[in-house]
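> Sequence first, then the predicted structure:
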Amino acid sequence: MSTPTSAAEQIRFHLERVRRLRLEAHAEGLAAAVNDVKRLQAQRFRATYADFLRDTTYAPATRFFLDELYGVHDFVERDAQFSRIAGALERLFPESVAQLAIDLAETHALTEVLDHSLARHWLAQSEAVPTALRYTLSWRATGDRPARERQLSVVQHMGQELQRLTRMKPLRLALRMMRNPARAAGLDALQHFLETGFDAFAAMGDAQPFLNAIQERETRWISVLFDESPQTCGQWLAEELARG
């Protein structure tokens, strides 16, 4: 397969990876384990960002990241909508909006690749292993630190773009005006993602403290999960999960 170059090609390339992984997970009996991994990761995210979830300024953006990027949801319809209008996004919207869609698609694909690999290692271990240690060992077996770091980098870029785009008032107005046409065209899931993201970042005003916290905390967890002893990491993760 040739390297995708246009925005539409990149979006469809990433979403096709996700579609194939879904089919493989169901064919291999892996779907339940993937969801188990996602639920545990969402629990860790809620614990790590509990302070932001309690803050009325940052709570919408925190929930947006949790629900739209890391939540245990069926994104089949949203993915189909993004793929279906990928070419239109490139033609009708500013380049920055198309880049936002590329970031979402790449983050989605990276997350699914890593979660599916982690789920396979999760199933290979005894259920008697404590949950946090089991996750730590599965993470180590999955490996691919560059993919974890790339995942965080793309999320950061997505956040920076949302911060910038929310300051473009004509774009926000145009997005609101698309609501009914989007619903009529069967693009309501895509519309919900865009509006939720715009509203969440507009509510923050300055998103940098939130994005800085994500960079710092996720970098720390990546280091802990890769570099600390499995027992130490398992203990710290168990304590974090207990707060979530």
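Everything's here; your move. All of these numbers come straight from a predicted model, not from anything done at the bench.

> which residues does the most far-flung residue of the chain relative to its centre contact?
Here the centre of the chain is the reference, and by C-alpha atoms, centre = their mean the most remote residue is A128, at 29.5 Å. Counting by C-beta atoms under 8 Å, 6 or more residues apart in numbering, A128 makes contact with nothing. The C-beta positions use only the backbone N, C-alpha and C, and glycine is treated the same way.

> now the one 10 residues further on
Under the criterion of C-beta under 8 Å, 6+ apart, the neighbours of S138 are 37, 118-119, 121-122, 125.

> gap between it and D144?
Using C-beta to C-beta, to the nearest Å, S138 is found at 13 Å from D144.

> what do you get for L175?
Look at L175 and D144: by C-beta to C-beta, they are 35 Å apart.

> Between these two, tell me which one has more neighbours.
With neighbours defined as other C-beta atoms under 10 Å, L175 and D144 compare such that L175 has more, 20 against 14.

> Next up, identify which helix or strand the more buried one is on.
Assessed by DSSP states H and E, L175 sits inside helix 169-177.

> After the worst-scoring helix or strand of the chain on mean pLDDT, which helix or strand is next?
Ranking every helix and strand in the chain by mean pLDDT, DSSP states H and E puts helix 86-92 at the bottom, with a mean of 66. Moving toward the C-terminus from helix 86-92, the next helix or strand (DSSP H and E) is helix 95-124.

> Show me what that following helix is packed against.
helix 7-27, helix 31-48, helix 76-84, helix 86-92, helix 131-142, helix 145-165 (3 or more C-beta pairs under 8 Å, 6 or more residues apart in numbering; DSSP states H and E).

> Could you tell me the least trusted of these?
For the helices and strands packed on helix 95-124, mean pLDDT drops lowest on helix 86-92, to a mean of 66.

> Find me whatever residue is spatially closest to T62, sequence neighbours aside.
If the residues on either side of it in the chain are set aside, T62 comes closest to F52, at 4.4 Å by C-beta to C-beta, 6 or more residues apart in numbering.

> what residues are up against E16?
The contact partners of E16, taken as C-beta under 8 Å, 6+ apart, are S83.

> circling back: what sits up against the helix holding L175?
Residues contacting helix 169-177 (C-beta under 8 Å, 6+ apart): 94, 97, 165-166, 191, 194-195, 198, 202.

> Since that was my last question, I'll sign off now.
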